[in-house]
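>>> got a sequence here, can you model it:
(one chain, ligands or ions: 1)
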Amino acid sequence: MSMTSSAIRNAFLDYFASKGHQIVPSASLIPGNDATLLFTNAGMVPFKDVFLGQDPRSYSRATSAQRCVRAGGKHNDLENVGYTARHHTFFEMLGNFSFGDYFKQEAIVYAWEFLTKELCLPAEKLLVTVYASDDEAFDIWTKQIGVAPEKVIRIGDNKGAPYASDNFWAMGDTGPCGPCTEVFYDHGEHIWGGPPGSPEEDGDRFIEIWNIVFMQFNRHADGRMEPLPKPSVDTGMGLERIAAILQGVHSNYEIDTFQALIAAAAEVTGAKDLSNKSLRVIADHIRSCAFLMVDGVQPSNEGRGYVLRRIIRRAVRHGHQLGAVGAFFHKLVPALVVQMGEAYPELAAKQAVIEKLLRIEEEQFGKTLQRGLSMLQEALQQLDGKILPGDLVFKLYDTYGFPVDLTNDVAREQGFTVDQAGFDAEMAQQRQRAQQASQFGMDYNAQLSSKQVTDFTGYQHVHGNAKVQEILRDGKACQQLNDGEEALVILNQTPFYAESGGQIGDTGSLTLADGSVFRVTDTIKLGKAHAHKGKLKGQLMVGAEVQAQIDEARRQAIRQNHSATHLVHAALRAVLGEHVTQKGSLVGPDRFRFDFSHYEAISATQLQAVEVLVNQHIQANHPVQTELMNLEAAKAAGAMALFGEKYDDDVRVLTMSPFSVELCGGTHVNSTGDIGLFKIVSEGGIAAGVRRIEAMTGMQALSWLHQLEQQAQGVATAVKGDLFSIAERVQQSLERSRQLEKDLDQLKQKLASQAGSSLLEQVQLIAGSKVLITELPQVEAKALRTMLDELKNKLGSGVLLLATVNEGKISLIAGVTQDLTAKVHAGKLVGWAAEQLGGKGGGRPDMAQAGGINTDALPSVLQQAAALVEQQLSA
Ligand code: SER
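Now for the predicted structure:
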């Protein structure tokens with residue numbers, strides 16, 4: 001049965017929906033609120049907190065087609081892409097999940113039924129593996145399903161450590177994991193390879209198509225395997241692999257989606273041979289690049305953006321190898337939209353922005369290549385030997401983004417070899433630095449957690465009664481808190497907003513009937529609990545009743561700032577373009593900052609336009625409306641979701657006229673007019689492609705303007721103008737001082753030349769020639785040259801030796817007119833004098849300068865010089 005990729009995707013979701021599974025749309029490639037993972041690398045990632053029992057859902061069975069990226073991070077396939085039949089940076093994972101609902105029995109039955117009945121795969125082509133000690137799974141396969149025992153292979157800890165096994169799956173070094181059973185497909189004898197567990201297992205004959213994980217443990221950093229609250233199921237089937245089987249081809253790159261992308265890649269690069277590996281690389285990479293951009297990643301020099309940049313550059317390099325000229329990669333986006341736009345409407349929606357950003361990145365890379373090439377050429381020309389040092393190759397790569405393979409090519413072409421060992425050593429150091437600096441790979445369990453659920457009442461209220469549910473002191477639960485102790489206090493309900501979505505936590509107090517007060521300095525979120533951070537005066541027990549009161553004025557200022565961030569976001573998109581996306585924000589009471597993607601500097605005019613637009617929407621006094629809706633409905637209504645944020649099924653949509661519609665759980669003003677005033681106080685780049693605006697609202701903005709006015713008034717008074725003429729006044733004053741400096745210079749020159757004239761009186765006639773040898777009172781060393789030239793002119797013919805002392809240093813200059821240079825050599829004369837004075841110098845026969853330090857000897861040296869000149873003139 002031949003099926004298109006789309007048909008397979010739909011068949012899978014429909015099948016599991018018919019078995020009571022909720023169809024959950026693909027989540028973002030950026031794991032929500034998770035610093036432990038670079039990208040969503042498996043279908044289970046969006047559900048990991050559900051497995052851990054920390055994220056209750058309305059369903060216990062789910063199914064999804066999840067977009068995944070395996071590049072950088074724990075599961076990294078980047079370097080393999082293009083060289084094997086089935087590695088991708090981007091792929092789709094079909095999965096069904098049970099959260100404490102069914103376990104091994106149904107999971108296996110469903111998988112078998114779907115493969116053999118729905119997809120009609122012949123049973124004899126299928127092979128199964130189980131974790132060595134998993135007799136239960138073995139029995140289900142052999143006794144219930146009826147697979148021959150010799151086709152159910154037990155795989156132990158074949159990777160050398162406990163649980164390090166092809167049949168034990170883990171999301172990362174910590175977090176949910178468990179034994180698994182895998183289904184393999186036999187592509188036939190004509191392809192080399194052996195069954196799993198055999199020495200030939202790495203061949204391409206037997207391909208794993210479905211992994212069924214029995215999620216049972218939460219692995220901790222110390223290796224402890226904590227049983228999950230309920231045994232669960234996580235399965236994953238790569239769409240591309242199953243499509244290859246159903247379309248009767250061996251390589252994933254021969255399936256419908258890839259054939260179309262490869263044809264498009266051939267067209268834009270001009271490649272003729274459709275089997276060229278570089279075309280596969282490009283077809284693969286356009287998928288990961290475009291989808292990473294759909295999810296808000298933009299090329300940069302760190303973290304996720306850096307991985308994206310590397311993938312783009314790898315694709316561009318392969319394109320150039322195929323003979324592509326100029327930017328070509330972005331031209332593949334339309335073909336991708338044709339293939340995948342229907343299943344992923346978000347891709348189609350962002351097509352124009354993705355094309356534009358890819359083009360800009362390609363063009364920038366083009367410039368990098370040019371610059372790198374000329375640096376490399378220069379370096380090669382200056383080399384002594386024939387080996388290009390590793391640190392240079394590394395510098396080209398690391399600082400200038402110049403690809404190493406290209407350095408190798410160029411060096412080789414010109415008969416040089418590259419010091420690979422040196423380069424590797426630099427790389428190893430770099431990797432270590434990156435690891436140390438990386439936030440990813442953190443221990444998922446080291447994050448403080450709580451299983452309590454707090455009801456947030458703060459959208460309507462600023463105070464209210466509540467009951468203490470949990471107290472965490474030094475990260476551990478305790479029953480009672482004593483006077484002076486600090487802790488996190490969790491209530492059943494609270495008006496305190498817990499820091500999230502960029503808005504900082506509320507401060508305030510929790511007061512008990514006996515007068516004890518817990519002063520709250522911050523509020524943070526632990527799972528679904530709001531944890532009040534602070535210090536106690538008095539006594540506090542779990543179960544106590546408290547009166548919770550937030551600092552109202554502070555909250556009001558935060559509300560104004562938070563609502564303004566949404567207006568800024570919309571205004572930036574209106575003024576700069578749709579590619580602008582929020583990269584982060586920090587909303588406090590006194591100011592807020594807003595980070596966003598944009599690839600070039602912003603002009604003062606654009607910044608002003610943003611300010612005007614935001615203030616216009618403030619003055620329009622739109623009502624600020626919030627509405628709870630289903631996430632998909634919200635997205636369909638055009639609500640913008642934030643990058644890297646994790647949303648529940650039901651989300652809060654914040655609307656301020658059609659101008660701004662965004663998902664947001666923060667606290668806001670009632671109508672935009674409450675913001676009062678909006679003022680940007682700074683703007684600048686903070687990383688490649690990311691800029692930051694800092695701004696203020698309401699009275700804070702006014703007080704900032706007052707301070708500015710005061711400063712300006714100070715300047716106005718000093719320049720004797722008024723506020724609106726200061727620029728002109730300061731300009732005038734600067735021009736005046738420039739003029740004065742010029743006048744001063746001229747006067748100095750004049751003085752020097754007058755001094756020169758009076759010197760003429762000291763000229764002696766020696767052996768028939770005019771000679772002037774003298775010490776001048778403090779003349780700037782650089783003025784000596786002018787004086788000498790003028791004196792030479794005035795004398796017409798003669799010999800001069802002038803000296804002057806500045807701050808203990810002697811400057812000497814000698815001049816001889818052309819007619820006398822045969823007798824007296826200025827360079828030699830000054831050199832001789834300098835030597836006597838503890839210095840060095842020399843120069844041309846007609847003019848030479850030198851220095852010395854021996855000031856005491858100067859008068860006698862000048863006398864001796866006169867004698868020397870006399871000798872030479874008379875000779
Ligand atoms: N999480 C497992 C995998 O990625 C099954 O979905 O293979």
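
>>> quick one: the strands in the stretch 751-875 of the chain, in order.
764-766, 769-776, 799-806, 809-816, 841-843, 847-852 (DSSP state E, counting those that start in this stretch).

>>> likewise the stretch 101-250 of the chain?
Under the criterion DSSP E, counting those that start in this stretch, strands of the stretch 101-250 of the chain are mapped to 126-131, 152-155, 168-170, 175-186, 206-219, 225-238.

>>> now for the shortest one, which elements pack on it?
Applying 3 or more CB pairs under 8 Å, 6 or more residues apart in numbering; DSSP states H and E, one finds that strand 168-170 makes contact with strand 175-186, strand 206-219. To be clear about C-beta, it is placed using only N, CA and C from the backbone, and glycine gets the same treatment.

>>> so which of the ones you listed comes closest to Arg317?
strand 206-219 (28.9 Å; CB to CB).

>>> quick revisit: wait, which of the strands of the stretch 101-250 of the chain is closest to the ligand?
Across the strands of the stretch 101-250 of the chain, the ligand has its closest neighbour in strand 225-238 (2.3 Å, CB to the nearest ligand atom).

>>> check whether the closest one comes near the ligand.
Yes - with CB under 6 Å from any ligand atom as the criterion, the ligand is reached by strand 225-238 at Asp234, Thr235, Gly236.

>>> scan those and report the most crowded one.
When neighbours are counted by other CB atoms under 10 Å, Asp234 leads the residues of strand 225-238 next to the ligand with 28 neighbours.

>>> that older thread, as JSON lines, the strands of the stretch 101-250 of the chain with mean pLDDT would be great.
Listed next are these as JSON lines, based on pLDDT from 0 to 100:
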{"stretch": "strand 126-131", "mean pLDDT": "97"}
{"stretch": "strand 152-155", "mean pLDDT": "96"}
{"stretch": "strand 168-170", "mean pLDDT": "92"}
{"stretch": "strand 175-186", "mean pLDDT": "95"}
{"stretch": "strand 206-219", "mean pLDDT": "95"}
{"stretch": "strand 225-238", "mean pLDDT": "93"}
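
>>> comparing the strands of the stretch 751-875 of the chain, which comes out most buried?
Most buried of the strands of the stretch 751-875 of the chain, by mean neighbour count (mean count of other CB atoms under 10 Å): strand 809-816, with a mean of 25.

>>> specify the angle between that one and strand 799-806 in degrees.
With axes from the mean of the first three to the mean of the last three CA atoms, to 10 degrees applied, the angle from strand 809-816 to strand 799-806 works out at 170 degrees.

>>> report the angle between the axes of strand 809-816 and strand 769-776?
170 degrees.

>>> what lines up beside strand 809-816 in the sheet?
Strand 809-816 sits in its sheet next to strand 799-806 (antiparallel), strand 847-852 (antiparallel), going by DSSP bridges.

>>> mind putting the ones you listed in CSV, mean pLDDT included?
Formatted as CSV, the strands paired with strand 809-816 follow (pLDDT from 0 to 100):
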stretch, mean pLDDT
strand 799-806, 92
strand 847-852, 93
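
>>> got these as TSV, with distance to Lys395 columns?
Formatted as TSV, these follow (distance: least, CB to CB, whole Å):
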stretch	distance to Lys395
strand 799-806	43
strand 847-852	40
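
>>> quick revisit: want to try JSON lines for the helices and strands packed on strand 168-170, with distance to the ligand as columns?
Shown next, in JSON lines, are the helices and strands packed on strand 168-170 (distance: least, CB to the nearest ligand atom, whole Å):
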{"stretch": "strand 175-186", "distance to the ligand": "7"}
{"stretch": "strand 206-219", "distance to the ligand": "4"}
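
>>> with mean neighbour count and distance to Lys840 added, can I get those strands in TSV?
Listed next are the helices and strands packed on strand 168-170 as TSV, based on neighbours: other CB atoms under 10 Å; distance: least, CB to CB, whole Å:
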stretch	mean neighbour count	distance to Lys840
strand 175-186	23	73
strand 206-219	23	74
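
>>> looks to me like Arg57 is in a strand.
No - under DSSP: H, G, I helix; E, B strand; the rest coil, Arg57 sits outside any strand and is assigned coil.

>>> excluding chain neighbours, what is closest to it?
Counting by CB to CB, 6 or more residues apart in numbering, Arg57 lies nearest to Val50, which is 5.7 Å off, once chain neighbours are set aside.

>>> now do the same contact list for the one you found.
When the contact criterion is CB atoms under 8 Å, 6 or more residues apart in numbering, the partners of Val50 are Pro56, Arg57, Phe97, Phe99.

>>> so which of these is the most crowded?
Phe97 (29 neighbours).

>>> still on that earlier bit, and Pro195, which of the strands paired with strand 809-816 is closest to it?
strand 847-852 (87.2 Å).

>>> mind listing residues that contact the closest one?
Contacts for strand 847-852 (CB under 8 Å, 6+ apart): 784-785, 788, 809-816, 826-827, 829-831, 833-834, 836-843, 858.

>>> so which bits of stretch 359-370 are buried?
Arg359, Ile360, Glu361, Glu362, Gln364, Phe365, Leu369 (16 or more other CB atoms under 10 Å).

>>> correction: the previous question concerned stretch 575-585.
Val575, Leu576, His579, Val580, Thr581, Gln582, Lys583, Ser585.

>>> now do the end-to-end distance for that stretch.
End-to-end distance for stretch 575-585, by CA to CA, to the nearest Å: 19 Å.

>>> rounded mean pLDDT for it, please.
Stretch 575-585 carries an average pLDDT of 89.

>>> pLDDT score for the one residue in the stretch 751-875 of the chain that gets nearest to the ligand?
Closest to the ligand within the stretch 751-875 of the chain is Lys782: 74.8 Å, counting by CB to the nearest ligand atom. Looking at Lys782, its pLDDT is 73.

>>> what is the neighbour count of Ala712?
For Ala712, the neighbour count with other CB under 10 Å is 15.

>>> for it, helix, strand, or coil?
Under three-state DSSP, Ala712 comes out as helix.

>>> pop out the phi and psi values for the nearest residue to it once chain neighbours are set aside.
Counting by CB to CB, 6+ apart, Leu723 is the residue found nearest to Ala712 once chain neighbours are left out, at 5.6 Å. Backbone torsions of Leu723, given as degrees, to the nearest 10, read phi -50, psi -40.

>>> tell me which parts of the stretch 251-400 of the chain are close to the ligand?
Counting by CB under 6 Å from any ligand atom, the stretch 251-400 of the chain has no residue next to the ligand.

>>> for the stretch 251-400 of the chain, what spans make up the strands?
Using DSSP E, counting those that start in this stretch, strands in the stretch 251-400 of the chain cover 387-388.

>>> one step back: same list (the contacts of Val50) but as JSON lines, adding pLDDT and distance to Ser516.
What follows is the contacts of Val50, written out as JSON lines (pLDDT from 0 to 100; distance: CB to CB, whole Å):
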{"residue": "Pro56", "pLDDT": "85", "distance to Ser516": "33"}
{"residue": "Arg57", "pLDDT": "90", "distance to Ser516": "38"}
{"residue": "Phe97", "pLDDT": "98", "distance to Ser516": "46"}
{"residue": "Phe99", "pLDDT": "96", "distance to Ser516": "41"}
